Each structure stands twice: as structure tokens, then as C-alpha cells.
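**Q** Output the structure for:
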Amino acid sequence: MIRNKVIAFLIFNFSFLIGIAQAPKSYTSSEILLQLKKLNVLGSVLYIAAHPDDENTRLLAYLANEKLYRTGYLSLTRGDGGQNLIGDEQGVDLGLIRTQELLSARRIDGAEQFFSRAFDFGYSKSPEEAMRFWGHDKVLSDVVWVIRKFRPDVIITRFPTTGEGGHGHHTASAILAGEAFDAAADPTKFPEQLKQGVTVWQAKRILWNTFNFGGTNTQSSDQFKLECGDYNPILGKSYGEIAAASRSQHKSQGFGVPAQRGSVIEYLKAIKGTSPVADLMDNVDVTWKRVNDARLTNAVNKVSEKFDVSHPEKSIPALVEIYKSVELLKDDYWKEQKLNAIKELIQNCSGLFIDATTTKQYAVQGDSLKINLVVNNRSGANILSADAHLNNDYVIFDQLKKNVNSTKDYTMYIGTNTKLTQPYWLAEPMDKGSFNISDQQQIGKGESDPFSVVFSMMIEGKEFKFSKPIRYKHTDPV
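**A** Okay, here's the model as predicted:
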């Protein structure tokens with residue numbers, strides 16, 4: 001049954017990913033150094049608004065790359081009711097496009113992307129109308145779910161609850177965020193979620209990111225301020241430049257903007273919880289002391305100080321030792337976050353190239369699919385014993401040699417009864433104002449989980465596993 005489920009994903013995914021598949025990204029030494037610095041920060045911020053393009057990309061870029069917090073954007077809708085300047089798609093088809101635009105924006109500004117089940121039915125005059133169409137409790141439960149799963153220390157809304165945002169969806173997003181701030185910490189609210197791997201969560205504060213545009217100025221000198229126009233020398237860009245590239249991904253909205261440089265102050269007004277005075281994370285410990293292991297701070301600092309930009313692979317032995325220490329932590333949330341971050345750092349430092357591709361755009365029932373698997377230890381790091389696990393089979397690679405492609409082909413048969421696939425939020429008939437999603441674990445995700453191959457290998461004597469999605473690979477002659 002599991003076999004059918006994972007194979008089924010192929011039938012949709014290759015055609016869906018053709019327009020959005022990205023070439024595998026290689027990280028520069030400067031980007032790796034920033035990832036190392038982020039390893040020492042244990043804080044998170046969740047930004048909440050109504051639509052794709054509502055988010056403040058400068059603030060997201062600043063929080064993710066300057067403050068080094070785990071940063072997320074929860075868009076209640078996928079923008080299904082917006083305009084489309086690049087095609088004729090409308091409704092759920094436009095929602096698919098704008099979903100991918102948001103995911104593309106997040107790859108640039110460094111934040112993560114989440115959604116609720118709310119459908120963008122077009123302009124709404126009031127928050128009451130919006131929540132009536134969406135189903136108040138349904139969408140509130142989604143916001144609570146994302147908060148309990150993401151566990152933000154600080155929540156930020158783009159819009160106020162008092163209507164200055166204009167659009168009813170905008171105001172509704174702020175109202176729901178405020179309600180979810182309290183409900184996420186209440187075990188009597190949506191208790192069924194607590195059986196799904198989350199616990200109650202109380203954020204320290206919820207703030208409104210005030211604004212001055214469209215003739216409406218909601219900023220004032222007594223609000224908390226953040227300088228978000230800084231220049232990041234590691235990335236070689238200011239946050240205004242990163243924000244412009246991120247916002248320009250909203251192509252269907254015609255939101256291409258020029259790069260901006262110079263000082264920019266963002267204003268934030270406390271809505272619930274304690275007000276920040278000196279720092280956004282006042283009274284929140286964002287160091288390793290949070291998980292009762294302050295020694296890890298020094299361990300990470302030593303790796304950063306000794307980091308060799310010409311030979312980042314030299315950092316791998318120390319990172320493996322830090323990984324072993326993090327495995328012993330009792331805080332499951334931060335243990336998972338940091339283990340994943342260290343594993344990514346090890347891969348990036350080694351220049352390890354892992355890929356799983358197919359030359360077929362579609363996979364259909366009754367057909368077979370040929371998958372090409374590649375592993376290349378480009379830096380010659382101490383990496384041994386690579387294998388790939390897919391469809392209950394193991395594919396063993398030859399001994400890895402420095403900068404030599406080790407390739408294997410795997411052929412998979414797709415049963416005639418295999419279920420067709422599609423974006424998870426479209427799998428069930430939708431209500432007038434919202435999608436229906438039976439699987440709680442899918443709610444909030446940006447897109448469907450792609451069928452993936454798990455590569456396993458020994459690095460510095462310890463086994464690591466890397467999951468890589470299978471992609472349709474082709475060359476555009478232009």
C-alpha cells in the first residue's frame with residue numbers, strides 16, 4: 001500500500017514540476033559561513049497575512065539573514081482570486097501559479113512558506129464576510145496548527161484588526177492571528193491536534209508591522225523599530241536588494257520592483273504579550289542555553305573561526321562531532337531543526353552532489369520509469385559507502401572517488417491501479433470558501449511532498465541520510 005502511494009505521486013509530480021524544477025543549488029563559502037552562524041541562533045518568527053504579495057520581504061530577509069532566526073510566512077490564501085498579468089489562469093489554477101511564486105520568493109529571502117485552507121474568493125468588504133466564506137473555526141484551526149508546529153517566539157501581522165488594511169481578507173488575517181496567539185496555548189482548543197505530534201505553544205508576543213502607504217500612515221515614534229536596510233557583507237547585498245529580488249517573483253501580480261539601498265526603518269506595535277524594549281526577542285533566550293547545552297555555542301564558534309573559505313570540507317569533522325552532541329538533546333523541536341541544519345552544512349561543506357532525475361515528463365499507470373541516480377564527492381571528503389533507498393529497494397554505489405560521478409539507473413514499474421495524483425489541497429472537493437484536507441499533517445505545507453530517494457552514506461565514520469526529490473530533467477536549448 002505504501003508502494004502504491006509513493007509511486008502514485010510520480011504520475012502528477014513530473015508534469016507539475018516541469019515549470020518550477022530548479023537546478024541543484026551549490027553553496028558558496030560565504031553562504032556556508034552564514035549557515036554556520038545561524039546554527040548558534042535558536043529563535044523563530046512567524047509573519048502572518050492574507051495573500052501572496054502581502055508579506056514584507058525586506059523584514060523577512062532581515063530576520064532570516066541578519067538576526068538569523070528561523071523565519072516563516074503564513075499566507076492564509078494562495079491568491080486564487082487575484083489578478084494574472086502573465087496568463088489566462090484564474091481561480092485554483094492561478095492559486096497554483098501564485099503558490100510557486102511565493103515558494104520562489106522564499107528561496108531568495110530565506111524564509112519558509114505556509115498556507116491555510118482558506119480560498120481567495122476575491123475582494124471582501126469586511127472580515128466578517130471573509131471568515132463566513134472561509135469558515136472561521138476551520139481557518140483558525142489551521143493558524144493554530146501552524147503555530148503549534150512552527151513554535152514561533154514572536155508573531156508578526158502585516159495588517160491591523162481595526163480595518164486600516166482595507167481588504168476584508170487583510171483584517172481577517174490579523175483577527176485570526178490574534179485569536180490563534182491565545183488558542184495555540186490552550187489545550188482545550190483544537191485538542192485533536194495534540195494527538196498529531198504537536199504540543200500547545202505560547203508565543204512571547206504578537207506585533208503588528210505598521211505601514212505608511214496608500215495615503216494611510218499607521219507608524220508612530222513610540223513603536224518598536226528595526227533597521228532593516230542594512231548591508232550584509234557575507235551575502236554582498238543589502239536587505240533592500242534581497243527584498244526586491246524576492247518581491248519580483250510575484251510575476252502574475254506585476255510586482256517587479258527595483259533594488260533598494262539605504263536605511264529603512266520598520267515599525268512594530270505590540271498587540272498581545274509583552275512589548276519589546278531593547279530587542280525583538282526580549283526575554284527569549286535564543287542561544288544554546290535554551291536547550292541546556294551552552295557548550296555548543298563555543299563548539300559552533302570554533303568551527304566558524306577556523307572556517308577555511310578555500311577548503312570548507314575541513315570543517316566536516318567538527319560538524320560531525322557537533323551533530324553527535326545535538327543528538328543527545330532532550331528538546332525534540334530544536335534537536336530536529338539543528339540536526340537538519342548541520343546535515344545540510346555537512347553536505348554543503350563537502351560539495352557533495354546528490355541527484356535523482358528522470359527524462360520523462362509524465363509517468364502513467366502500467367508504464368515503467370527509469371530513474372538516474374548520481375553521487376559525486378567533489379571535494380574528496382571522508383565519505384564512504386553510498387547507497388540509495390527507494391521503493392523498498394537498495395541501490396549500492398561503487399566506492400566514491402574525488403570528483404568522479406558514481407551513477408546508477410533504477411527502473412520502477414507503475415501499477416495499473418495506482419491512484420492519480422495532484423496538489424494535496426485539490427485532492428478533495430472544496431467548499432465555496434475553503435479547501436478540504438483530511439490529512440492533518442498536510443495542512444500548512446507549501447506544496448505536496450515529492451516522491452524522493454533517500455541516499456545514505458558514511459561521513460567521518462557516521463551514517464547520514466539525505467532525501468532528494470526525483471525531478472524531470474531536460475535541457476532548454478535557449
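**Q** how about the helix or strand encompassing Tyr267: buried residues?
**A** Element membership for Tyr267 (DSSP states H and E) is strand 265-273. For strand 265-273, a neighbour-count test (16 or more other C-beta atoms under 10 Å) marks 266-269, 271, 273 as buried. (Glycine included, C-beta is placed from N, CA and C.)
**Q** Which of the residues you listed sits closest to Ser221?
**A** Tyr267 (8.9 Å; C-beta to C-beta).
**Q** can you list contacts of whichever helix or strand comes after the strand holding Tyr267?
**A** Next in sequence after strand 265-273, counting helices and strands by DSSP H and E, comes helix 295-305. By C-beta atoms under 8 Å, 6 or more residues apart in numbering, the surrounding residues in contact with helix 295-305 are 33, 36-37, 39-40, 287-289, 315, 318-319, 321-322, 325-326.
**Q** In PDB, list the C-alpha atoms belonging to helix 295-305.
**A** What follows is helix 295-305 as a C-alpha-only set of coordinates in PDB (Å, rounded to 0.1, in the frame of the first residue of the first chain):
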ATOM      1  CA  ARG A 295      28.900  24.200  25.400                       C
ATOM      2  CA  LEU A 296      27.500  24.000  21.800                       C
ATOM      3  CA  THR A 297      27.900  27.800  21.500                       C
ATOM      4  CA  ASN A 298      31.700  27.500  21.800                       C
ATOM      5  CA  ALA A 299      31.800  24.400  19.600                       C
ATOM      6  CA  VAL A 300      30.000  26.200  16.800                       C
ATOM      7  CA  ASN A 301      32.100  29.400  17.300                       C
ATOM      8  CA  LYS A 302      35.300  27.400  16.900                       C
ATOM      9  CA  VAL A 303      34.100  26.000  13.600                       C
ATOM     10  CA  SER A 304      33.200  29.500  12.300                       C
ATOM     11  CA  GLU A 305      36.500  30.900  13.400                       C
END
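**Q** Helices of the stretch 101-250 of the chain, residue ranges please.
**A** Ranges of helices within the stretch 101-250 of the chain are 127-134, 136-150, 168-183, 239-247, based on DSSP state H, counting those that start in this stretch.
**Q** Out of those, which is closest to Lys419?
**A** Short answer: helix 136-150, nearest of the helices of the stretch 101-250 of the chain by C-beta to C-beta, at 25.1 Å.
**Q** Next, the buried residues of the closest one.
**A** Neighbour-count burial for helix 136-150 flags 136, 138-150 (criterion: 16+ other C-beta under 10 Å).
**Q** now do stretch 384-400
**A** 386, 388, 390, 395, 397, 400.
**Q** Might one say that the last one is in contact with Asp387?
**A** No - with contact defined as C-beta atoms under 8 Å, Leu400 does not reach Asp387; the gap is 11.1 Å.
**Q** Identify the contacts common to the two.
**A** Residues touching both Leu400 and Asp387 (C-beta under 8 Å, 6+ apart): Met457.
**Q** Distance check, Asp285 against Val300.
**A** Asp285 sits at a distance of 16 Å from Val300 (criterion: C-beta to C-beta, to the nearest Å).
**Q** nope, Phe397 is what I meant
**A** Where Val300 is concerned, Phe397 sits at a distance of 31 Å (C-beta to C-beta).
**Q** same thing with Tyr73?
**A** Separation of Tyr73 from Val300 (C-beta to C-beta): 27 Å.
**Q** follow-up on the earlier one: now for the helices of the stretch 101-250 of the chain, which one comes closest to Gly433?
**A** Of those, nearest to Gly433 by C-beta to C-beta is helix 127-134, at 3.2 Å.
**Q** Please name every helix or strand in contact with that closest one.
**A** Contact partners of helix 127-134 among helices and strands, from 3 or more C-beta pairs under 8 Å, 6 or more residues apart in numbering; DSSP states H and E: helix 168-183.
**Q** how far does the helix it packs on sit from the chain's center?
**A** Here the centre of helix 168-183 is set off from its chain's centre by 21 Å, with C-alpha atoms, centre = their mean, to the nearest Å.
**Q** Report the buried residues of that helix.
**A** By 16+ other C-beta under 10 Å, the buried positions in helix 168-183 come out as 168-181, 183.
**Q** Quick one: mean pLDDT over it.
**A** Computed over helix 168-183, the mean pLDDT rounds to 97.
**Q** which helices and strands sit right next to it?
**A** In terms of contacts (3+ C-beta pairs under 8 Å, 6+ apart), helix 168-183 is packed against strand 44-49, helix 127-134, helix 136-150, strand 154-157, strand 205-209, strand 265-273.
**Q** Alpha carbons only: can I get the first one in CSV?
**A** Read that as strand 44-49. Coordinates of each C-alpha in strand 44-49 appear next as CSV, following Å, rounded to 0.1, in the frame of the first residue of the first chain:
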residue,chain,number,x,y,z
SER,A,44,11.8,31.9,15.4
VAL,A,45,9.4,34.4,14.0
LEU,A,46,6.2,33.8,12.1
TYR,A,47,4.8,36.5,9.8
ILE,A,48,1.0,36.3,9.1
ALA,A,49,-1.1,37.9,6.3
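**Q** returning to what we had before: let's have the buried residues of stretch 384-400 in TSV, adding distance to Phe353 and pLDDT.
**A** Listed next are the buried residues of stretch 384-400 as TSV, based on distance: C-beta to C-beta, whole Å; pLDDT from 0 to 100:
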residue	distance to Phe353	pLDDT
Ala386	11	92
Ala388	14	95
Leu390	18	89
Val395	16	94
Phe397	13	92
Leu400	11	92
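**Q** May I see these organised as JSON lines, with secondary structure added?
**A** Shown next, in JSON lines, are the buried residues of stretch 384-400 (DSSP: H, G, I helix; E, B strand; the rest coil):
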{"residue": "Ala386", "secondary structure": "strand"}
{"residue": "Ala388", "secondary structure": "strand"}
{"residue": "Leu390", "secondary structure": "strand"}
{"residue": "Val395", "secondary structure": "strand"}
{"residue": "Phe397", "secondary structure": "coil"}
{"residue": "Leu400", "secondary structure": "coil"}
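**Q** Any stretches of this structure with poor pLDDT?
**A** Counting by pLDDT under 70, the chain shows low-confidence ranges at 1-22.
**Q** The residue positioned nearest the centre of it - nearest residue in space that isn't next to it in sequence?
**A** In the chain, the centroid-proximal residue (C-alpha atoms, centre = their mean) is Glu112; its distance is 2.6 Å. Once flanking residues are discounted, Glu112 sits nearest to Gly72: 4.3 Å by C-beta to C-beta, 6 or more residues apart in numbering.
**Q** again, but for His250
**A** Leaving out its chain neighbours, the residue that sits closest to His250 by C-beta to C-beta, 6+ apart is Asp53, at 4.6 Å.
**Q** distance of the residue nearest to the centre of the chain from Gln249?
**A** As judged by C-beta to C-beta, Glu112 and Gln249 stand 15 Å apart.
**Q** now do Ala174
**A** With distances taken as C-beta to C-beta, Ala174 is found 24 Å from Gln249.
**Q** just Val309 next, same as before
**A** Distance of Val309 to Gln249, computed by C-beta to C-beta: 29 Å.
**Q** So which of the two has more stuff around it?
**A** Neighbours were counted for Val309 and for Gln249 using other C-beta atoms under 10 Å; Gln249 has more, 24 against 10.
**Q** Can you report how many residues lie near Gln361?
**A** Count around Gln361 with other C-beta under 10 Å applied: 11.
**Q** Contact partners for Ala386?
**A** Going by C-beta under 8 Å, 6+ apart, Ala386 touches 375, 396-397, 400, 406, 455-457.
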